[in-house]
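*Asks:* can't give you the sequence, but here's the structure:
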């Protein structure tokens, strides 16, 4: 498995590469001229410096869909994309629907959201401003997740700590060490005096973690 210790991440726009990038928008059918490419600078497990170019990841924002309007999400999404394209002259790539609880205000149930993918990361804020202004389809729509930087959105694909544990198991196996790892319940801080309150909550946390581990078994 290829691994890269990340030093820095940026992105640029480039012409689509066949078999790596879409050539046409799924929503509008128009030709795509530029797509985002994430560039990851880092160091491999062997110590070599590397630059990884990641294709097929797109910036997005989420728009709440009014299910009481009588419209269908699969019909509303192309209308929304076409309107945004006219107002901003930027192509929307595709849309996916999901259910979630809105972040703004109080809501006692989940709503359907349209996840709109764009081809230009710099268009996300402009699209969000248009949605809030009411210029899109003559409706005021509250965008969600538009504030998240593109690099962090791309990090959703990161498998997280589980991948780090697998890497450590592979390193131990190469050294001939035992590959079975057990996560410590908590990490000690050297040279720091623990208060009675801290000790109480550490013991409480350890007890809960042990109970959870025994349940998983």
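*Replies:* Cool, got the structure. Note that this is a predicted model, so its numbers are computed, not measured.
*Asks:* quick one: residue 210 is in a strand?
*Replies:* No. Counting by DSSP: H, G, I helix; E, B strand; the rest coil, residue 210 is not part of a strand but helix.
*Asks:* pLDDT score assigned to it?
*Replies:* Turning to residue 210, the model gives it a pLDDT of 83.
*Asks:* going forward, the N-terminal residue is numbered 846.
*Replies:* In the new numbering, first residue 846, that becomes residue 1055.
*Asks:* look up how far residue 1049 lies from it.
*Replies:* According to Cβ to Cβ, to the nearest Å, residue 1055 and residue 1049 sit 11 Å apart. (C-beta placed from N, C-alpha, C; glycine too.)
*Asks:* residue 908 reaches residue 956, doesn't it?
*Replies:* No. Counting by Cβ atoms under 8 Å, residue 908 does not reach residue 956; the two are 10.5 Å apart.
*Asks:* neighbour count winner among those two?
*Replies:* More neighbours surround residue 908 than the other of residue 908 and residue 956, with 24 against 14 (other Cβ atoms under 10 Å).
*Asks:* how about that one, phi and psi?
*Replies:* With angles defined as degrees, to the nearest 10, residue 908 sits at phi -120, psi 130.
*Asks:* one more: residue 902?
*Replies:* According to degrees, to the nearest 10, residue 902 has phi -110, psi 130.
*Asks:* what's in contact with stretch 970-987?
*Replies:* Residues outside stretch 970-987 that contact it (Cβ atoms under 8 Å, 6 or more residues apart in numbering): 906, 908-909, 924-925, 928-929, 932-933, 935, 947, 949, 961, 963, 988, 991.
*Asks:* kindly report the same for stretch 991-998.
*Replies:* Contacts for stretch 991-998 (Cβ under 8 Å, 6+ apart): 854-856, 881, 883, 902, 904-906, 966, 969-970, 972-973, 990.
*Asks:* sorry, back to before: what's the closest of the contacts of stretch 970-987 to residue 888?
*Replies:* residue 963 (31.4 Å; Cβ to Cβ).
*Asks:* hey, what's the closest one bridged with?
*Replies:* On the basis of DSSP bridges, residue 963 is bridged to residue 937.
*Asks:* how many other residues sit next to it?
*Replies:* Residues near residue 963, counting by other Cβ under 10 Å: 24.
*Asks:* just checking, it touches residue 930?
*Replies:* No. Counting by Cβ under 8 Å, residue 963 stays clear of residue 930, with 10.4 Å between them.
*Asks:* show me which of the contacts of stretch 991-998 are buried.
*Replies:* Among those, those classed as buried by neighbour count (16 or more other Cβ atoms under 10 Å) are 854, 856, 881, 883, 902, 904-906, 966, 969, 972-973, 990.
*Asks:* thank you kindly, that will do.
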